[in-house]
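Enquirer: 3D, please:
(one chain, ligands or ions: 2)
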Amino acid sequence: MAKPVVAIVGRPNVGKSTIFNRIVGERISIVEDIPGVTRDRIYSSAEWLTHDFNIIDTGGIDIGDEPFLEQIRQQAEIAIEEADVIVFLVNGREGVTSADEEVAKILYKAKKPVVLGVNKIDNPEMRDQIYDFYALGFGEPFPISGSHGLGLGDLLDEAAKHFPKHGGNEYADDVIKFSLIGRPNVGKSSLVNAILGEDRVIVSNVAGTTRDAIDSQLTYNGEKYVIIDTAGMRKKGKVYETTEKYSVLRALRAIERSDVVLVVIDGEEGIIEQDKRIAGYAHEAGRAVVIVVNKWDAVEKDEKTMKAFETNIREHFLFLDYAPIVFLSAKTKKRIHTLIPMINTASENHALRVETSILNDVIMDAVAMNPTPTDKGKRLRIYFATQVAVKPPTFVIFVNDPELMHFSYERFLENRIRDAFGFEGTPIKIFSRERK
Ligand SMILES: Nc1nc2c(ncn2[C@@H]2O[C@H](COP(=O)(O)OP(=O)(O)OP(=O)(O)O)[C@@H](O)[C@H]2O)c(=O)[nH]1
Ligand SMILES: Nc1nc2c(ncn2[C@@H]2O[C@H](COP(=O)(O)OP(=O)(O)OP(=O)(O)O)[C@@H](O)[C@H]2O)c(=O)[nH]1
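Expert: Ligands and ions are numbered 1, 2, ... in the order given. Predicted structure coming up:
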């Protein structure tokens, strides 16, 4: 599901990060041991009343050593490219500056709705200062205060009025959406071409004529698939494509629109830190994951090489222990045909719903085998478990006291659930809730 995207734009120091953090709230949390998104702090999901959306802090996108105005220009262009609605932020304490006017000029040309937020209006007495900003030509300015959390509701209401009406489902429910992510040069584009070039694959469209038609649709064995955002990889040459955080942003959006994410690793070069971060994004987003080791043709190998590489992957990607690994070559096409069946398995498991009675049998058997932990003389009691969601499968376990559910025991239960139901290729989530 594609959520609407809001981007915050404005010259430095107007309070973009402050507003971003306010809107995102506690949702930005650092998850231990999983390298990922949260540390980049430029892109996050957010909620406002009934609206779910994603928000980008363009100020966090590092453009490099370009002159000041060039940086603002590039950030604004990224916002125009990526967002459905732009929040143009100015500083209510300084009046309209020439840099604000520069931003405005770029935004005039964009055919995207713009909502003007006048920040640092920390108290009602300062409200009169917003009138100057009508001169920017974006209609009513909304007074807000990032530091005090004032006025954000009205601003977001206005933004939400411009959210696309049918942004919800881009493709029919039975279409399997997948994407390929990985650092530059691992062979993502080559893999896409190899998949599209497969014998039994029927391609229904590749990179249409409009800017938005960037996904490849295909059919294989009567099943429909979409490869998400492949043109994002092809569309090179633009200056900002080279900035790392911007490519991260693109990867995050592709992940979000996918059911299954193929994490591509260069078999020739091996695993580096950046691979782990990229894989962390997919895991955090709760998508099904397949690990693809490409360029296996270029690896000098004997009968132990694959096993050793696999062990190495497992050590580096502890959090992805559920993800199957495939060794292949986009160049020679070796084992390319195994990819789509793996995507199918991962996607089925991602959407799998298990029967409550069987789930509870599994949990009770687990408890009988390995008694629940105690803390200060108090024992964890498990009453009942139920699956509350799919994509990814999510379970709630009702217990006497959630504090007693230690990580290691939860992990044990997860493993028992996996032994019973499979769930290969998908993360699963388990929450403990108190029940008196
Ligand atoms: N008084 C007041 N100060 C604010 C408000 N919002 C942000 N600030 C301050 O303004 C300064 C800049 O805020 P940031 O959020 O870093 O601004 P930014 O636009 O993200 O800046 P860049 O990252 O340089 O683009 C900080 O010192 C904030 O504390 C506000 O509502 N009122
Ligand atoms: N030996 C070998 N080389 C490969 C294979 N797949 C891709 N390459 C080469 O690796 C290089 C990068 O491939 P691309 O498909 O452009 O990689 P990418 O991940 O799409 O790169 P970016 O678009 O920069 O992110 C090219 O020179 C390819 O020819 C493979 O299976 N084996």
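Enquirer: would you agree Val354 is in contact with Pro393?
Expert: Yes - judged on Cβ atoms under 8 Å, Val354 makes contact with Pro393 at a distance of 7.5 Å. Backbone N, C-alpha and C define where each C-beta goes, glycine included.
Enquirer: quickly list what's touching both of these two.
Expert: Shared contacts of Val354 and Pro393 (Cβ atoms under 8 Å, 6 or more residues apart in numbering): Gln387.
Enquirer: what's the end-to-end length of stretch 105-113?
Expert: Stretch 105-113 stretches 14 Å from its first residue to its last (Cα to Cα, to the nearest Å).
Enquirer: ignore what I typed, I meant stretch 202-222.
Expert: 9 Å.
Enquirer: stretch 350-359 now?
Expert: First-to-last residue span, stretch 350-359, Cα to Cα: 16 Å.
Enquirer: buried residues, it. List them.
Expert: 350-352, 354, 359 (16 or more other Cβ atoms under 10 Å).
Enquirer: same question for stretch 102-114.
Expert: 102-104, 106-107, 110, 112-114.
Enquirer: TSV for these, including secondary structure and pLDDT?
Expert: Below are the buried residues of stretch 102-114 laid out as TSV (DSSP: H, G, I helix; E, B strand; the rest coil; pLDDT from 0 to 100):
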residue	secondary structure	pLDDT
Glu102	helix	90
Val103	helix	91
Ala104	helix	93
Ile106	helix	89
Leu107	helix	92
Ala110	coil	84
Lys112	coil	91
Pro113	coil	95
Val114	strand	96
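Enquirer: most widely separated two among those residues?
Expert: In those, two members sit farther apart than any others by Cβ to Cβ. They are Glu102 and Pro113, at 19.8 Å.
Enquirer: can you tell me the closest non-neighbouring residue to His406?
Expert: In space, and not counting its chain neighbours, His406 is closest to Pro373: 5.4 Å by Cβ to Cβ, 6 or more residues apart in numbering.
Enquirer: again with Leu404
Expert: Using Cβ to Cβ, 6+ apart, the nearest residue to Leu404 is Leu380, at 3.7 Å.
Enquirer: ok, how many other residues are close to that neighbour?
Expert: 21 (other Cβ atoms under 10 Å).
Enquirer: is it true that it touches Val399?
Expert: Yes - counting by Cβ under 8 Å, Val399 is a contact partner of Leu380 at 6.0 Å.
Enquirer: what sits in contact with each of the two?
Expert: By Cβ under 8 Å, 6+ apart, the residues touching both Leu380 and Val399 are Met405.
Enquirer: outline the domain layout of the protein.
Expert: For the chain, the TED database gives the domain ranges 5-162, 176-348, 356-434.
Enquirer: can you redo these as a markdown table with distance to ligand 2?
Expert: Formatted as a markdown table, the domains of the chain follow (distance: least, Cβ to the nearest ligand atom, whole Å):
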| stretch | distance to ligand 2 |
| --- | --- |
| domain 5-162 | 17 |
| domain 176-348 | 3 |
| domain 356-434 | 22 |
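Enquirer: can you add distance to Glu170 and give those domains back as TSV?
Expert: Below are those laid out as TSV (distance: least, Cβ to Cβ, whole Å):
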stretch	distance to Glu170
domain 5-162	13
domain 176-348	7
domain 356-434	15
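Enquirer: any idea how far Val399 is from the residue nearest to His406?
Expert: Relative to Val399, Pro373 is positioned 11 Å away (Cβ to Cβ, to the nearest Å).
Enquirer: these two: which has the busier surroundings?
Expert: For Pro373 versus Val399, the count of surrounding residues by other Cβ under 10 Å is larger for Val399: 20 against 14.
Enquirer: for the more buried one, phi and psi?
Expert: phi -140, psi 170 (degrees, to the nearest 10).
Enquirer: hang on, it packs against Tyr383?
Expert: Yes - if you go by Cβ under 8 Å, Val399 and Tyr383 touch, sitting 6.6 Å apart.
Enquirer: what sits in contact with each of those two?
Expert: Common neighbours of Val399 and Tyr383 (Cβ under 8 Å, 6+ apart) are Arg435.
Enquirer: quick one: the helices in the stretch 151-300 of the chain?
Expert: Listed in chain order, the helices of the stretch 151-300 of the chain (DSSP state H, counting those that start in this stretch) span 152-161, 188-196, 231-234, 244-256, 273-284.
Enquirer: which secondary structure elements does the second one contact?
Expert: Based on contacts counted as 3 or more Cβ pairs under 8 Å, 6 or more residues apart in numbering; DSSP states H and E, the elements that helix 188-196 packs against are strand 176-181, strand 216-220, strand 223-227, helix 231-234, strand 260-266, strand 288-294.
Enquirer: the fifth one to strand 176-181, inter-axis angle?
Expert: In this structure, strand 260-266 runs at an angle of 20 degrees to strand 176-181, with axes from the mean of the first three to the mean of the last three Cα atoms, to 10 degrees as the basis.
Enquirer: any residues touching strand 260-266, and which ones?
Expert: By Cβ under 8 Å, 6+ apart, strand 260-266 touches 176-183, 185-188, 191, 254-255, 271, 275, 278-279, 282, 285, 287-295, 313, 320, 323, 339, 343, 346-347, 350, 425.
Enquirer: for the helices and strands packed on helix 188-196, give me CSV that also has mean pLDDT.
Expert: Below are these laid out as CSV (pLDDT from 0 to 100):
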stretch, mean pLDDT
strand 176-181, 94
strand 216-220, 91
strand 223-227, 93
helix 231-234, 48
strand 260-266, 96
strand 288-294, 97
